[in-house]
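Asker: sequence and predicted structure are below.
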Amino acid sequence: MAWQDVVLFVGGFVLAGSIVPAIRGAEKPPFATTLTFVVMLAIFVVVFVTLGLWLTAFSALLQGCLWAIVLVQTVQRRRART
């Protein structure tokens with residue numbers, strides 16, 4: 001296991017923890033922001049898997065799932081306003 005994989009894995013979990021307030025909070029980031037994060041993190045997962053950075057891929061997948069929750073919440077709020 002590469003040391004870089006461990007460092008990126010730990011950093012990914014720290015970043016994942018920082019998404020939790022966005023999930024729990026009343027204010028949501030703009031739709032385009034959350035969609036961009038979800039798409040880019042999905043691409044990152046594929047890249048990390050092809051590089052054999054399995055732990056990093058897992059943490060990016062976790063972040064992507066959390067941002068997807070924020071995306072769903074953002075869409076629901078937009079529909080509720082109209």
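Answerer: Good, I have the coordinates.
Asker: contacts, neighbours, all on C-alpha from now
Answerer: OK.
Asker: any idea which element the residue nearest to Trp54 when sequence neighbours are not counted lies in?
Answerer: Distance criterion CA to CA, 6 or more residues apart in numbering; nearest residue to Trp54, sequence neighbours excluded, is Phe48 at 6.8 Å. Using DSSP states H and E, Phe48 sits within helix 31-50.
Asker: now for that helix, which elements pack on it?
Answerer: Judged by 3 or more CA pairs under 8 Å, 6 or more residues apart in numbering; DSSP states H and E, helix 31-50 is in contact with helix 54-81.
Asker: ok and the helix it packs on relative to helix 31-50, angle-wise?
Answerer: Direction vectors for helix 54-81 and helix 31-50, defined by axes from the mean of the first three to the mean of the last three CA atoms, to 10 degrees, enclose an angle of 160 degrees.
Asker: which parts of helix 54-81 are buried?
Answerer: 54-71, 73-74 (16 or more other CA atoms under 10 Å).
Asker: for the record, mean pLDDT for that helix?
Answerer: The average pLDDT for helix 54-81 rounds to 95.
Asker: swap in stretch 27-46?
Answerer: 96.
Asker: chain center to it, what's the gap?
Answerer: 7 Å (CA atoms, centre = their mean, to the nearest Å).
Asker: kindly report the same for stretch 6-23.
Answerer: 8 Å.
Asker: quick revisit: show me the contacts for the residue nearest to Trp54.
Answerer: 54, 56-57 (CA atoms under 8 Å, 6 or more residues apart in numbering).
Asker: one more pass at 10 Å, please.
Answerer: Contacts for Phe48 (CA atoms under 10 Å, 6 or more residues apart in numbering) come out as 5, 54-58, 60.
Asker: so which of those residues comes closest to Thr82?
Answerer: When these are compared for distance to Thr82 (CA to CA), Ala60 wins out at 33.1 Å.
Asker: if I look at that closest one, how far off is Val70?
Answerer: Per CA to CA, to the nearest Å, Ala60 is found 15 Å from Val70.
Asker: one more: Ala22?
Answerer: 7 Å.
Asker: list residues touching both of the two?
Answerer: Overlap of the contact sets of Ala22 and Val70 (by CA under 10 Å, 6+ apart) consists of 28-29.
Asker: alright, that wraps it up for me.
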